[in-house]
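Peer 1: Sequence and predicted structure, then a few things I'm wondering about:
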Amino acid sequence: MRVFCAAVVSAVLLLVPSFGVTPQHRVIRADLAKVTGPHSAVPLQAVGAGRAAEGLRADWQEQLATVQSEIGFRYLRMHGLLTDEMGVYSEDKAGNPQFNFQYVDSLYDALLKLKIRPFVELTFMPSKLASGNSTIFWWKGNTSLPKDPAKWATLMRALVAHFKERYGEDEINHWYFEVWNEPDIRGFWPHPLEDYLSLYKTTAEAIRAECAKCRIGGPASAVPYAAEIAFEKWLLANPSIPADFIALHAYGVNEGYLDETGFAGTVIDPDPERVSGRMRHSRELIDATSLKGRELHFTEWSSAYTPTDYMHDQYHQASFILNVVKRATPYVDSLSYWTFTDIFEELGPRFTPFHGGFGLMNLQGIKKPSYHAFAFLSRLRGDDVAVNDRQSWITKAKDGSITALFWDYSPVVPPKGSNDQIYYKQELPTVGKGTAALNLTSVPDGRYEVSVYQIGYQQNDAFTAYAKMGSPKQLTRAQVDSLKSVSSGAPAIRETVEVKGGRFSKTLPMRANDCYEIVLKPIAN
């Protein structure tokens, strides 16, 4: 064990020298009288899910209900709304289009009941409308061009007309309609980009014909920056084509954009601006043109683009998320974390309870550190307060409550010859970083209930507990209950304090990739 721990420390020392492991006393200062503006809705604006058909499952909907009650995202995006398993499109013997929206209705009714709106990704091609047999993933999403663009346009109009009839035009005016997914990746679009632009035009004009205010956009591209620049130049040259937003994707690994097999050797990029810098630059590209001010949505993002990267399960993912969200929020209108659940079958059903899946929760509904990162973000409300520390976020609400969120982002790159799928698959003890002191001034005097929440190694860290169990391939009910207990999200500390002279301070031990949230709630006299 001493050899293993030494290897982890070595990785931190050698590969992330800017953070180091020398104990330090970090001081986070904020004057609550110095408000910078209302807290942004961007961090919780959107989240992703695998594919539409998974959303018909009871366990998927149960997990989403938990997410919505404890976090509360506003939009949900997923693949495959138009695939054959959703039963949307067929043709009669004469080749006339036949439409069936019953499965879509069941799914969208469930979303709206949970107070989350659809961010409608228009994929993939129904087989009866497809010009070929090219597919992607275990569930065979068809990536062909439509055999008849006019019939595709008819499908788009029928879909939007149905939404308008069922949910009302006022409601669907709040939705987003995204044309296709990653047309710059051959697996999703084995055609020239010009064919995507043609499909986009057909789709956008059909939707606009049915709904004058529905929000339409693309290209949902993955590779920086060629496709988004080409798309934006095309829009500038064709200003009559509807385009209300630009949609893009970003992941935090060194190379690659698609893993159809699960064997991509992804390696985390330690640059803290890897993802947020991409988002900032995409905003700069838009704002350098007459498209300035157009909405920018990153409809997928995470540390890695493969559902077999074990960093997704580890405690390191929480600080990664907080680092990206804080840095990116000023530049985007949403950033949709990919995904809320491990009920996700691009590679087929998974054989182990933890497998590096994208989700905030695993198959059994066990909350990962990533889940708790978004739970921390959900408690930020009211107005932002100026703070001296970039890895922190402080808000104060109208009810007098104060929330201080701070973290240590210390990315650990796998040693040479390894990758995330190998390195992050094991227990990874952390290293001490010293202490962190929260010093607040201009706090109204009085009594407060103080709750301290923590994410880190063995703190709301289900994966480490799972590794200590021996990483069983299947979990008993007792094991599921045990893992849910250690990752419940309950406060690590709860106490009552008396604030006098407008000052509050709290010092806590800080380790690499620890995340803390301190919530002060006034106690009525």
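Peer 2: Okay, I see it.
Peer 1: middle-most residue in the protein, spatially?
Peer 2: Y337 (0.7 Å; CA atoms, centre = their mean).
Peer 1: what bridges to that one?
Peer 2: V47, W301 (DSSP bridges).
Peer 1: mind listing what it touches?
Peer 2: 47-48, 301-302, 321, 360, 370, 374 (CB atoms under 8 Å, 6 or more residues apart in numbering). C-beta: built from backbone N, CA, C; applies to glycine.
Peer 1: For L122, state which of those residues is nearest.
Peer 2: Of all the contacts of Y337, L122 sits closest to G48, with 15.2 Å by CB to CB.
Peer 1: The closest one reaches T299, doesn't it?
Peer 2: Yes. G48 is in contact with T299 according to CB atoms under 8 Å; the separation is 7.2 Å.
Peer 1: So for these two, which residues contact both of them?
Peer 2: Joint contacts of G48 and T299 (CB under 8 Å, 6+ apart) are 77, 336.
Peer 1: quick one, helices of the stretch 401-525 of the chain?
Peer 2: Taking DSSP state H, counting those that start in this stretch as the test, the helices found in the stretch 401-525 of the chain are 420-423, 462-468, 477-486.
Peer 1: same thing with the stretch 151-300 of the chain?
Peer 2: Using DSSP H, counting those that start in this stretch, helices in the stretch 151-300 of the chain cover 169-172, 193-210, 226-237, 274-287.
Peer 1: The helix or strand of the chain with the lowest mean pLDDT: what's the following helix or strand?
Peer 2: Sorting the helices and strands of the chain by mean pLDDT, DSSP states H and E puts helix 2-15 at the bottom, at a mean of 34. The element immediately downstream of helix 2-15 (helix or strand, assigned by DSSP states H and E) is strand 24-38.
Peer 1: tell me which strands and helices that following strand is in contact with?
Peer 2: Contact partners of strand 24-38 among helices and strands, from 3 or more CB pairs under 8 Å, 6 or more residues apart in numbering; DSSP states H and E: strand 383-387, strand 392-396, strand 402-407, strand 432-441.
Peer 1: now the ones you listed in JSON lines, with mean pLDDT, mean neighbour count and distance to P43?
Peer 2: Listed next are those as JSON lines, based on pLDDT from 0 to 100; neighbours: other CB atoms under 10 Å; distance: least, CB to CB, whole Å:
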{"stretch": "strand 383-387", "mean pLDDT": "98", "mean neighbour count": "18", "distance to P43": "12"}
{"stretch": "strand 392-396", "mean pLDDT": "98", "mean neighbour count": "23", "distance to P43": "9"}
{"stretch": "strand 402-407", "mean pLDDT": "98", "mean neighbour count": "25", "distance to P43": "11"}
{"stretch": "strand 432-441", "mean pLDDT": "97", "mean neighbour count": "18", "distance to P43": "20"}
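Peer 1: Turn these into JSON lines, columns for distance to P126.
Peer 2: Output for the helices and strands packed on strand 24-38, formatted as JSON lines (distance: least, CB to CB, whole Å):
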{"stretch": "strand 383-387", "distance to P126": "46"}
{"stretch": "strand 392-396", "distance to P126": "44"}
{"stretch": "strand 402-407", "distance to P126": "45"}
{"stretch": "strand 432-441", "distance to P126": "53"}
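Peer 1: Could you list the buried residues of stretch 283-303?
Peer 2: Buried residues in stretch 283-303, counted by 16 or more other CB atoms under 10 Å: 283, 285-286, 291, 294-303.
Peer 1: Now do the residue lying closest to V67 once chain neighbours are set aside: how many residues are near it, please.
Peer 2: Nearest non-adjacent residue to V67, counting by CB to CB, 6 or more residues apart in numbering: F340, 5.3 Å away. F340: 30 surrounding residues under other CB atoms under 10 Å.
Peer 1: Dihedrals phi and psi, F340?
Peer 2: Main-chain dihedrals, F340, degrees, to the nearest 10: phi -80, psi -20.
Peer 1: how about A30, what does it touch?
Peer 2: 385-388, 394, 404, 439-441.
Peer 1: partners of it in the sheet?
Peer 2: With DSSP bridges as the rule, A30 is bridged to V387, L440.
Peer 1: Pull the number of nearby residues for the residue nearest to S378 when sequence neighbours are not counted.
Peer 2: Excluding the flanking residues, the one nearest S378 by CB to CB, 6+ apart is I71, at 4.6 Å. By other CB under 10 Å, the residues close to I71 number 21.
Peer 1: and what of P118?
Peer 2: There are 24 residues near P118, going by other CB under 10 Å.
Peer 1: Which of the three states applies to it?
Peer 2: strand (DSSP: H, G, I helix; E, B strand; the rest coil).
Peer 1: Would you mind measuring from it to G48?
Peer 2: According to CB to CB, to the nearest Å, P118 stands 12 Å off from G48.
Peer 1: and if you look at F124?
Peer 2: 16 Å.
Peer 1: One more: I366?
Peer 2: 19 Å.
Peer 1: S303 versus the closest residue to I28 other than its chain neighbours, what's the distance?
Peer 2: Nearest non-adjacent residue to I28, counting by CB to CB, 6+ apart: D389, 4.5 Å away. D389 sits 23 Å away from S303, taking CB to CB as the criterion.
Peer 1: Would you mark the buried spots in stretch 25-41?
Peer 2: Applying 16+ other CB under 10 Å to stretch 25-41 flags 26, 28-32, 39-40 as buried.
Peer 1: Any chance of a markdown table for the residues you listed, columns pLDDT and distance to K473?
Peer 2: Formatted as a markdown table, the buried residues of stretch 25-41 follow (pLDDT from 0 to 100; distance: CB to CB, whole Å):
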| residue | pLDDT | distance to K473 |
| --- | --- | --- |
| R26 | 95 | 41 |
| I28 | 97 | 43 |
| R29 | 97 | 49 |
| A30 | 98 | 47 |
| D31 | 98 | 53 |
| L32 | 98 | 50 |
| H39 | 98 | 43 |
| S40 | 98 | 42 |
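Peer 1: that older thread, let me have the buried residues of stretch 283-303 in a markdown table, extended by pLDDT.
Peer 2: Conversion of the buried residues of stretch 283-303 to a markdown table gives the following (pLDDT from 0 to 100):
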| residue | pLDDT |
| --- | --- |
| R283 | 98 |
| L285 | 97 |
| I286 | 98 |
| L291 | 97 |
| R294 | 95 |
| E295 | 98 |
| L296 | 98 |
| H297 | 98 |
| F298 | 98 |
| T299 | 98 |
| E300 | 98 |
| W301 | 98 |
| S302 | 98 |
| S303 | 97 |
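Peer 1: Please identify which of those is nearest to D184.
Peer 2: Nearest member of the buried residues of stretch 283-303 to D184, counting by CB to CB, is E300, at 13.0 Å.
Peer 1: For the closest one, which residues are in contact?
Peer 2: 48, 77, 220, 222, 249-251, 336, 338.
Peer 1: hang on, the earlier thing: now do the contacts for the residue nearest to I28.
Peer 2: With the criterion set at CB under 8 Å, 6+ apart, D389 makes contact with 26-29, 406.
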